[in-house]
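**Q** what's the 3D shape of this:
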Amino acid sequence: MRVSAKADYAVRACAELATSPTGEPVAVETLAAGQGLPTSFLERILGDLRRGGVVVSVRGRSGGYKLARPASEITLADVMRATEGPLVTVRDERPPSLSYEGSATALLDVWVALRVSVRDVLDEVTLEALAAGDLPAPVQAMLQRADAWENP
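**A** Residues are numbered from 1 along each chain as shown. Sure, this is the predicted structure:
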């Protein structure tokens, strides 16, 4: 699985919004500076997040962006889907729409299992948990595996 810069920046910007005191709107420049992100790229990403229902924009002198729902109700999967679409695709298709024959027949099962494992992480981690550094126990358990930090 490849996480694009767009998805990475979107999650980081939303984590910044999750720490905004009392949910006050945050200016794009402030979000960008908080995570060292390019402002112009972040503006486009925030547009995707707004269209995806993750953030809302507030106009005016003290305007900016804020989360559309409480950080405890927004998962990393929500953010990534808003910016990139489905979490796992193969040749830009969702796994259930694929079929394989012969020796590759079981490959569909592998792609579906991959999608399930990605969901097991991204659908469980909320922006609140991420911002607090308090990841769910199943995710923490994955990090304890001996091979978790190896790059084969």
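
**Q** avg pLDDT for the lengthiest helix in the chain?
**A** When the chain is parsed with DSSP state H, its longest helix is helix 107-122. For helix 107-122, mean pLDDT rounds to 94.

**Q** contacting residues around the closest residue to Glu29 other than its chain neighbours?
**A** Using CB to CB, 6 or more residues apart in numbering and skipping residues adjacent in sequence, the residue nearest Glu29 is Thr39, 5.9 Å away. For the C-beta atoms, the positions are set from N, CA and C on the backbone; glycine is no exception. The neighbours of Thr39, taking CB atoms under 8 Å, 6 or more residues apart in numbering as the test, are 28-29, 32.

**Q** Tell me the helices and strands packed up against the helix or strand where Glu16 lies.
**A** For Glu16, the enclosing helix or strand under DSSP states H and E is helix 5-18. If you count contacts as 3 or more CB pairs under 8 Å, 6 or more residues apart in numbering; DSSP states H and E, helix 5-18 packs onto helix 28-35, helix 39-51, strand 64-67, helix 76-84, helix 127-132.

**Q** Quick check: the residue of the chain most remote from its centre vs Val112, distance?
**A** In terms of distance from the mean C-alpha position of the chain, Gly102 ranks first, at 35.6 Å (CA atoms, centre = their mean). From Gly102 over to Val112 the distance is 18 Å, taken as CB to CB, to the nearest Å.

**Q** and what of Gly52?
**A** Distance from Gly52 to Val112, by CB to CB: 24 Å.

**Q** try Asp123
**A** The spacing between Asp123 and Val112, counted by CB to CB, is 15 Å.

**Q** ditto for Ser40
**A** According to CB to CB, Ser40 and Val112 sit 38 Å apart.

**Q** ditto for Leu127
**A** Taken as CB to CB, the span from Leu127 to Val112 is 27 Å.

**Q** ok, these two, which is more surrounded?
**A** Neighbours were counted for Leu127 and for Val112 using other CB atoms under 10 Å; Leu127 has more, 26 against 15.

**Q** That one reaches Lys66, doesn't it?
**A** No - between Leu127 and Lys66 there is no contact under CB atoms under 8 Å: 11.9 Å.

**Q** low-confidence ranges in this structure?
**A** In the prediction, the chain carries no residues with pLDDT under 70.
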